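Trainee: Fold the following for me, if possible:
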Amino acid sequence: MAKPLNPIDITKAFPFKPLKKVGIGEGHPVEPLGLSFKWKITGAESGYAFAVYEMSIQPGTGIPEHVHPYAEFFYVLQGDIEVRGRDEHGASTRTPLSAGESAVVPTNSPHGLHNVSASPAKFLSVATFEHEEAFNRIEVAMKEAGADNLPQSEQAEVFISLAADMQVHFIDTTVGEGV
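Mentor: Numbering: from 1, shown residues only. So this is what the prediction gives:
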């Protein structure tokens, strides 16, 4: 029979980081084009296995339909969100999600989110660290391009171009606007 490992021996044999608690309101904030979200867990913190963000969406607005080369999971914390996408024939679909419900979007599947609530909606998203990396690079590039000083429509054009460089392609180009 195998002998239980001694916790001190484990810490010497397997370097690890201690558990990290992320409190309410904590996380690295990112605010592209009026959208507001926080990275709750980064790729680096998960050993580059996944990244988690929390996003609030104002009533009548959302994230335009787009695709990227990794799957994404959504869990609604408050409000009602409509996940917009496409079926296998390319026809538009709308899948309603309420607080406590979730959905998974497969790799390269078109998807976007829209708050159909009368108040702000909030959800968690889990994806690979590449999703986080794309947003982090876009955020830096937008600042370097001076996009903060551009009108919203020009900021959207810069964002869409930078996103394409990160393999995030928008089907609907109304980034940051009511969709």
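
Trainee: Does residue 66 belong to a helix, a strand or coil?
Mentor: Secondary structure, DSSP: H, G, I helix; E, B strand; the rest coil: residue 66 is strand.

Trainee: And for it, the neighbour number?
Mentor: 18 (other Cβ atoms under 10 Å). Bear in mind the C-beta positions are built from the backbone N, C-alpha and C, glycine included.

Trainee: ok, it - contacts?
Mentor: 110, 111, 112, 163, 168, 169, 170, 171, 172 (Cβ atoms under 8 Å, 6 or more residues apart in numbering).

Trainee: shaky segments in the protein?
Mentor: Counting by pLDDT under 70, the ranges of the chain that qualify are 34, 172-179.

Trainee: before we move on, back to that, which ones among the contacts of residue 66 are found in strands?
Mentor: The strands, defined by DSSP state E, take in 111, 112, 169, 170 from these.

Trainee: Bridge partners for the first one, pull those for me.
Mentor: Taking DSSP bridges, one finds residue 66, residue 85 as the beta-bridge partners of residue 111.

Trainee: where does residue 155 fall, helix, sheet strand or coil?
Mentor: helix.

Trainee: where exactly do the helices run in the protein?
Mentor: For the chain, helices defined by DSSP state H occupy the ranges 7-13, 129-144, 152-165.
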